[in-house]
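>>> no sequence for this one, just the structure:
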């Protein structure tokens, strides 16, 4: 028996709420880790920080692909360099956001 469209809509709404809750938990976890690492106290541009996170995610997924959010990204090279760059500037000044 097929589900009526109203039941499907209810299921979609319920799943969207579950997705939002899961994303919130993940964001809070990553945010807490970033704060412990000192990223909350840094003045890192969002694009640069995104590129570093993309490189980091690629390392953990086993990919050697370069991030798209970084200016002047080149093919090849060490994928851990952006993360080290971010970490070394983590205490530049207290004006950064997470």
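Yes, it's here. Just so it is clear, the structure is predicted and the values come from calculations on it, not from any experiment.
>>> hey, which helix or strand in the protein has the poorest pLDDT?
For the chain, counting by mean pLDDT, DSSP states H and E, helix 81-88 ranks last in confidence among helices and strands (a mean of 41).
>>> now do residue 52: how many residues are near it, please.
Each residue near residue 52 was counted by other C-beta atoms under 10 Å, and the total is 23. The C-beta positions use only the backbone N, C-alpha and C, and glycine is treated the same way.
>>> in the helix or strand harbouring it, what's buried?
Under the criterion of DSSP states H and E, residue 52 resides in helix 46-61. Of the residues in helix 46-61, 48-49, 51-56 count as buried by neighbour count, 16 or more other C-beta atoms under 10 Å.
>>> also stretch 1-15?
Of all the residues in stretch 1-15, not one is buried under the rule 16+ other C-beta under 10 Å.
>>> average pLDDT across that stretch?
Mean pLDDT, stretch 1-15: 94.
>>> re earlier: pLDDT on the helix holding residue 52, on average?
The pLDDT scores in helix 46-61 average 92.
>>> counting by contacts, list what that helix packs against.
Secondary-structure packing of helix 46-61 (3 or more C-beta pairs under 8 Å, 6 or more residues apart in numbering; DSSP states H and E): helix 81-88.
>>> pLDDT score assigned to residue 27?
pLDDT for residue 27: 96.
>>> and it, how many neighbours does it have?
Residues near residue 27, counting by other C-beta under 10 Å, number 11.
>>> same thing with the one 3 residues further on?
Using other C-beta under 10 Å as the criterion, residue 30 is surrounded by 12 other residues.
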